[in-house]
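**Q** My questions are about this predicted structure, shown below with the sequence.
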Amino acid sequence: MVQSGRVKALYIPEDKIHEIKNRVNIVDVIGEFVQLKPSGKNYKGLCPFHSEKTPSFIVSPARGIFHCFGCGVGGNVFNFLMKLKGIGFPEAVKLLADRVGISVHTETGMSEKRRHEADALYKILQETAVLYQKNLLSSTGAYARKYLKERSVTAQMVQDFHIGYASDSWDSVLVAMQGHGFTSEQIEEAGLVVRNKRGTGFYDRFRNRIMFPIQDSIGRFIGFGGRILNTERQDVPKYINTNENRLFHKGAHLYGFFQAENSIRKEGCVFITEGYIDVIRMHEQGFTNTLAPLGTALTDQQISLILRFTSTVYLVFDPDLAGMNAVLKSSSLLHSRGIDPIIIHLPSGFDPGDFFDTYSAADFKLLLEDRISGLDYIVNSFIDSKKRYTANEKIVILQTLSEYYTRMADEILKEDFSHKVAAALKTDADLIKRKFSQFTRKKVIDTQPSTHQRISTIDTELHLLLLIINNPELFQIAGTRLDESYFNGKWTKKLWNAINGMCDVKGWNAASVFTVIQNDTFKDYLSGRLLEESLNYNPKEQLIDYVAKLKEIKLKKHLADINQRLKTAELENDEKCITGLIAEKNTFRNELDKLRSLRLNKDRLQ
Ligand SMILES: [Zn+2]
């Protein structure tokens, strides 16, 4: 849920973040949400990010990090709060700063400017939500109120979801917000007005629409969705959203999340529907753990937000073609996170918004018993189990389904899926599995010829970095022998630079590293590796070995490069160039031999 725009607008200086991190005790913070018991040097508890019966969630006070060996998440104390509360980095820093009494408001220059800019946007959106609601409840909103009543949206829901009405005017928001002291440019950036074609002025983006404010996970207004009231007009879209801006990222937020969060936690499951009215009607009927993506299918970021609270996901989408495609896409995304969703079939012709016009909450609960799994949904979408397929047809089907199979992040999902496909096609499950892995392997070979080589290089880089993070005093040895150019992986290079930039700070540790890394997958991976009980037998010697290995890899790359240049020079008969290159080659050769014999001797001594 971290919005890239906001991370860039980070206004808290590094040293302050470092200070805050060192002042808070990670065990205390996490201990407020998870019951932790001491276990050796670490603490253990039940993971708050997935449901489990035996604890696999580890907190290391010495390193200032946590990791779950069940679901794989990990990071430092900021990352924990970000994941748990679904907030961004600055908010997490602010929360902990308040806790230890450090002020983060006293920054100067550009960063303060950006902060003010963001604050202004929040204020504009908040004021506009108030204005829209005032409209709805006034005489101009009579028709809008009638529409909402027809759709059985109660006064309580209007309040809970801050539903409003944008009047049929070209400038009422513009004028009202200017009256609050905001500039036209600020109102434009908030996505509420549009510049006219001649570029001479602005007009309101939302006119004569029911307005559904979109809130972020901590309740701030970040945008709007507007539904047209005059449905006879074919020239305007039924729904329009605020355009993407520094606060509003369609793929990162979920409609209704703020209202649903507590209920999701309590119920241990979530209903995902398609639209605003769907969410509201579900809440009204007591299914307050309902939310909706702001497009048709879920995005990876939205799934991350949901998985912080539950892994039991019900998809309640429209039974039309668009809805069916959204179910397939969302299921596959959830499978890639190791989760099989539950699909609820609504009677044909109904969406969750109008289901309750005819049926009751009790009827909806009956539908829950009629559910099918995401795996079954995929199989049923591609295979008609009553039909007899030819061999060729089967191969085509398996090729399509292998795309879904490949994305599944869990062996059990893969196993179940293979069995279901086998049953539907009336063939052997082992054959299906072989076929799937054949298709998958083929794709890997087709697309990534040199993966293996890269992995072993990056693995060495990682081992070296892990060793340094576990033994910060060893950085001295590596720092004088290596530089950035020895690292080939995108993240290992970043990590090396991060450590390099931190080594002067007194008392840096693993937790400091996690403040610099922005990639969640890498963070999870790294925290796991750091908390594995590794055999750090003689770390200094291991480090020297890794340094030598990285040097060797770089020398080999140089040699390959020289060989390439030699070939060209020979073709061009460039004697002078050839002599130079051969000399260069010999130097590198000698160095490489020296490195190799060093390592060989060491091996013989052991
Ligand atoms: Zn977990």
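**A** Thanks, I have it. Numbering: from 1, shown residues only.
**Q** Just want the phi and psi numbers for Val270.
**A** Backbone geometry at Val270, expressed as degrees, to the nearest 10, gives phi -140, psi 140.
**Q** burial of it, as a residue count?
**A** 26 (other C-beta atoms under 10 Å). Bear in mind the C-beta positions are built from the backbone N, C-alpha and C, glycine included.
**Q** Pairing partners for it in the sheet, please.
**A** On the basis of DSSP bridges, Val270 is bridged to Val313.
**Q** pLDDT score for Phe258?
**A** Phe258 carries a pLDDT score of 90 in this model.
**Q** in the strand or helix carrying it, what counts as buried?
**A** In this assignment (DSSP states H and E), Phe258 forms part of helix 257-267. Residues 257-261, 263-264, 267 are the ones in helix 257-267 that count as buried (16 or more other C-beta atoms under 10 Å).
**Q** okay, stretch 192-207 in CSV with CA atoms only?
**A** Coordinates of the C-alpha atoms in stretch 192-207 are reproduced here as CSV (Å, rounded to 0.1, in the frame of the first residue of the first chain):
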residue,chain,number,x,y,z
LEU,A,192,-11.6,18.0,-8.8
VAL,A,193,-11.4,20.5,-11.6
VAL,A,194,-10.3,20.2,-15.3
ARG,A,195,-8.5,22.9,-17.3
ASN,A,196,-10.6,24.1,-20.2
LYS,A,197,-9.4,23.5,-23.8
ARG,A,198,-8.2,27.1,-24.3
GLY,A,199,-6.2,26.7,-21.0
THR,A,200,-7.7,29.9,-19.7
GLY,A,201,-9.6,28.5,-16.7
PHE,A,202,-11.0,25.5,-14.9
TYR,A,203,-14.4,23.7,-14.6
ASP,A,204,-15.7,21.1,-12.1
ARG,A,205,-14.9,17.5,-13.1
PHE,A,206,-17.9,16.0,-11.4
ARG,A,207,-21.3,17.4,-12.3
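**Q** Which of the helices or strands spans the residue lying closest to Leu559 once chain neighbours are set aside?
**A** Of all residues not flanking Leu559 in the chain, Phe588 sits nearest, at 5.4 Å (C-beta to C-beta, 6 or more residues apart in numbering). Element membership of Phe588, judged by DSSP H and E, is helix 575-605.
**Q** now for that helix, which elements pack on it?
**A** helix 539-571 (3 or more C-beta pairs under 8 Å, 6 or more residues apart in numbering; DSSP states H and E).
**Q** re the thing from before, which secondary structure elements does the helix holding Phe258 sit against?
**A** So helix 257-267, by 3+ C-beta pairs under 8 Å, 6+ apart, packs with strand 290-293.
**Q** Can you tell me what sits against the strand it packs on?
**A** 254-257, 260, 270-276, 278-279, 282-283, 299, 302, 306, 316 (C-beta atoms under 8 Å, 6 or more residues apart in numbering).
**Q** Do you know the pLDDT at the residue of the stretch 151-300 of the chain found nearest the ion?
**A** Closest approach between the stretch 151-300 of the chain and the ion, counting by C-beta to the ion: Gly268, at 14.6 Å. At Gly268, the model reports a pLDDT of 88.
**Q** Which ones among the contacts of strand 290-293 map onto strands?
**A** 254-255, 270-272 (DSSP state E).
**Q** And those residues, which is closest to Ser39?
**A** Val270 (31.6 Å; C-beta to C-beta).
**Q** ok, that closest one - contacts?
**A** 260, 264, 289-291, 306, 309-310, 312-314.
**Q** And the helices in the stretch 351-500 of the chain, which stretches?
**A** 352-358, 361-369, 374-382, 391-407, 411-425, 429-447, 451-470, 475-481, 490-502 (DSSP state H, counting those that start in this stretch).
**Q** could you dump those to a markdown table with mean neighbour count, distance to the ion and mean pLDDT?
**A** Compiled in a markdown table, the helices of the stretch 351-500 of the chain are given as follows (neighbours: other C-beta atoms under 10 Å; distance: least, C-beta to the ion, whole Å; pLDDT from 0 to 100):
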| stretch | mean neighbour count | distance to the ion | mean pLDDT |
| --- | --- | --- | --- |
| helix 352-358 | 18 | 30 | 88 |
| helix 361-369 | 12 | 26 | 92 |
| helix 374-382 | 19 | 21 | 94 |
| helix 391-407 | 16 | 21 | 89 |
| helix 411-425 | 18 | 16 | 94 |
| helix 429-447 | 14 | 27 | 73 |
| helix 451-470 | 18 | 21 | 74 |
| helix 475-481 | 15 | 31 | 85 |
| helix 490-502 | 18 | 22 | 85 |
